[in-house]
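**Student:** got a sequence here, can you build the structure:
(one chain, ligands or ions: 1)
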Amino acid sequence: MTIPNKKIKKILIANRGEIAIRIIRACRDAGITAVAVYSEIDKTAYHVRLADEAHYIGPAPAKDSYLNQQNIVDVAKKAGVDAIHPGYGFLAENDSFAKLCEDNGLIFIGPRAETIALLGDKLEARRVALKADLPIVPGTDFDNKDLGHLNEKARAIGFPILVKAAAGGGGKGMRVVDSEEKLQESVSSAIREAGAAFGDGRVYFEKYLKDPRHVEIQIFADAHGHVVYLGERECSIQRRHQKVIEESPSPIMTPELRRKMGEAAVNLARESGYLGAGTVEFLVDPNLNFYFLEVNTRLQVEHPVTEMVTGLDLVREQIRVAEGTPLSFNQENIEPRGHAIECRVYAEDPHQDFLPSTGIISEYREPAGPGIRVDSGVVAGSEIVIYYDPIIAKLVVWGRHREEALERCERALTEYRISGLHTTIGFACSVIRSAGFRLGQYSTGYIDSAFPGRVFKCPQDDPSERAAMAAVVYDFLERQKVSLTIKRKSESQNAWVRFYRQQGFKQFDKR
Ligand code: ADP
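**Tutor:** Okay, here's the model as predicted:
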């Protein structure tokens, strides 16, 4: 294996939004020039304004811009960069893009193309995991043409089963099947969905585990043979089988289980010749048995949770590894400290089954204070459009222990103000306050079981809280001897009064 040996001075970030900004910040800290790319609709986006240089790469649809491999490579060469960082999503797990970079003399900041290809195929990844002696979820693969034997295969595993796409990601091509009657139809529709989403319709079965927890291990490998695990993240708070709240450490973790899962993840990394940052995902059953799920061969959305407890900058480490420099830490000197929780803030309506919500952000105010980090991609006036993932920001909090992190998280969520579209802030607040979450007793089905009516509330949505806030403002204005007649008030006071009048508070009616 050849060891890369090139100082990286300029990086093109083949992404947008909060992750592009996160990477720009790492570049700046390292004295590296950051080059942004943007689609037509993103020309005034915040990541474009923050970068040292920005280049246009095509129309709004992702396939014409952020997924246009040749265009991005051409821009990278023209800009004279040394490396490309793909972030997550878009081209991050695309082995042909990694290869294209390599063929054009550009460093792809991620694992080698062969490793991405191998582990990106979930069936292949299961084989690698078995070879590395990892426990895997019971399941079976089959030839898509051989639909006649489906019942037999499913019966051998035992219902309920989960139909999954071999090329899967983002929950696409996944179907839970309870009985033989629905099997054929579910398999056919999963094949169609996988084919449309990934251009690869292969599907397979897994036993559908009851009430598992999703616990994943962050791994890091350099070109000098060091492979290290950086503890776990618990990601069981999910909607549509996709994560929304993550924390580290996991409330169920013991030092013994962490060591076993960590070593399993490292074995798999060694077996696959891994390089750089990656995540080995597991499901854990109520008896603390763990089963390999899949590998994400990239930086994870929730990587800041690990950064908060380890104090490391994972993007900086990725760059070091890509340059051929050894990792700046080893297994012995990783000492996770305290507790971190991440709430993803999506432009989605939790009361409409988390339907994406588009529009202009009219008001935007981030929380701050001790232990608070916000990785965001927007400012007031930014627009959330239909073309891309509707993530707005990630609120990440740290506390010396879980209780402190929970308190800070709740406080930060109630401070966060985003107007103009629906967000998941109220939802996150409800989860953080719920009894099961507070006790650390939750699994991947928690949202359905703890919120059967799917009603989520945050103080700013709560009429009684709003009444209390209105009373405080009213009292303040009265004490300042500010007349409540419109013509004598300042603009900002007017705005408040207008707001509360709209909310129906009679004391603010015109006199
Ligand atoms: P994707 O790559 O599409 O996100 P994953 O394989 O990572 O799919 O699984 C996503 C989520 O789906 C898991 O975190 C878990 O909640 C659920 N899931 C996946 N496989 C199983 C299974 N065999 N049993 C129960 N739940 C599962």
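**Student:** ok, and for stretch 135-145, which residues are buried?
**Tutor:** Using 16 or more other C-beta atoms under 10 Å as the test for burial, stretch 135-145 gives 136-137, 139-142, 144. Where you see a C-beta, it was placed from the backbone N, CA and C, and this is true even at glycine.
**Student:** what about residue 268, distance to the ligand?
**Tutor:** 15 Å (C-beta to the nearest ligand atom, to the nearest Å).
**Student:** what's the strand or helix carrying that residue packed up against?
**Tutor:** Element membership for residue 268 (DSSP states H and E) is helix 255-271. Using 3 or more C-beta pairs under 8 Å, 6 or more residues apart in numbering; DSSP states H and E as the contact test, the elements touching helix 255-271 are helix 122-131, strand 213-221, strand 227-239, strand 276-284, strand 290-296.
**Student:** from residue 72, how far off is residue 65?
**Tutor:** 9 Å (C-beta to C-beta, to the nearest Å).
**Student:** need the overlap of contacts for those two.
**Tutor:** Shared contacts of residue 65 and residue 72 (C-beta atoms under 8 Å, 6 or more residues apart in numbering): 37, 57.
**Student:** host element of residue 38?
**Tutor:** strand 33-39.
**Student:** what's that strand in contact with?
**Tutor:** 9-14, 16, 20, 23-24, 27-28, 45, 47-48, 50-62, 64-66, 72, 75-76, 79, 81, 387.
**Student:** list the buried residues in the following helix or strand past that strand.
**Tutor:** Using DSSP H and E, the helix or strand that directly follows strand 33-39 along the chain is helix 46-50. With burial defined by 16+ other C-beta under 10 Å, the residues of helix 46-50 counted as buried are 46-48, 50.
**Student:** show me what residue of the stretch 351-500 of the chain gets nearest to the ligand.
**Tutor:** residue 444 (3.6 Å; C-beta to the nearest ligand atom).
**Student:** can you give me the neighbour number for that residue?
**Tutor:** Neighbours of residue 444 under the rule other C-beta atoms under 10 Å: 19.
**Student:** look up how far residue 50 lies from the nearest residue to it once chain neighbours are set aside.
**Tutor:** Leaving aside its sequence neighbours, residue 444 sits nearest to residue 236 (C-beta to C-beta, 6 or more residues apart in numbering; 4.9 Å). Residue 236 sits 33 Å away from residue 50, going by C-beta to C-beta.
**Student:** what residue in the stretch 1-150 of the chain comes nearest to the ligand?
**Tutor:** Counting by C-beta to the nearest ligand atom, the stretch 1-150 of the chain gets nearest to the ligand through residue 137 (4.5 Å).
**Student:** dead centre of this protein: give me the residue that sits there.
**Tutor:** For the chain, the residue sitting closest to the mean C-alpha position, by C-alpha atoms, centre = their mean, is residue 301 at 3.0 Å.
**Student:** surely that one is in a helix?
**Tutor:** No: with DSSP: H, G, I helix; E, B strand; the rest coil as the criterion, residue 301 is located in coil rather than a helix.
**Student:** contacts only, for it.
**Tutor:** Counting by C-beta under 8 Å, 6+ apart, residue 301 touches 19, 88, 243, 344, 391, 394.
**Student:** touching, the second one and residue 298? I think so.
**Tutor:** Same thing as residue 88. Yes: here residue 88 reaches residue 298: they are 5.4 Å apart, a contact under C-beta atoms under 8 Å.
**Student:** of those two, which one has the most company?
**Tutor:** Each of residue 88 and residue 298 has its neighbours counted (other C-beta under 10 Å); residue 298 has more, 25 against 17.
**Student:** which residues sit in contact with the more buried one?
**Tutor:** Residue 298 neighbours (C-beta under 8 Å, 6+ apart): 86-88, 92-93, 110, 277-278.
**Student:** per-residue pLDDT, it?
**Tutor:** Looking at residue 298, its pLDDT reads 98.
**Student:** what's the separation between it and residue 331?
**Tutor:** 22 Å.
**Student:** kindly report the same for residue 210.
**Tutor:** 34 Å.
**Student:** follow-up on the earlier one: the helix holding residue 268: which residues count as buried?
**Tutor:** 257-258, 261-262, 264-269, 271.
**Student:** ok, now stretch 234-253?
**Tutor:** Result for stretch 234-253 [16+ other C-beta under 10 Å]: buried residues 234-239, 243-253.
**Student:** how about the secondary structure of the nearest residue to residue 445 once chain neighbours are set aside?
**Tutor:** Residue nearest to residue 445 in three dimensions, not counting chain neighbours: residue 211, with 5.9 Å by C-beta to C-beta, 6+ apart. Assigned state for residue 211: coil (three-state reduction, three-state DSSP).
**Student:** just checking, residue 211 touches residue 444?
**Tutor:** Yes: between residue 211 and residue 444 there is a contact under C-beta under 8 Å: 7.4 Å.
**Student:** coming back round to it: quick check: angle from the helix holding residue 268 to strand 227-239?
**Tutor:** 110 degrees (axes from the mean of the first three to the mean of the last three C-alpha atoms, to 10 degrees).
**Student:** my guess is residue 327 contacts residue 317. True?
**Tutor:** Yes: the criterion here is C-beta under 8 Å, and residue 327 meets it with residue 317 at 6.3 Å.
**Student:** higher neighbour count, those two?
**Tutor:** residue 317 (22 against 18).
**Student:** need the next SSE after the strand or helix carrying the more buried one, C-terminal direction.
**Tutor:** If you go by DSSP H and E, residue 317 is part of helix 314-323. Moving toward the C-terminus from helix 314-323, the next helix or strand (DSSP H and E) is strand 339-346.
**Student:** residues in contact with the closest residue to residue 441 other than its chain neighbours?
**Tutor:** Spatial nearest neighbour of residue 441, chain neighbours left out: residue 251 (7.7 Å); criterion: C-beta to C-beta, 6+ apart. Residues near residue 251 by C-beta under 8 Å, 6+ apart: 234, 402, 439-441.
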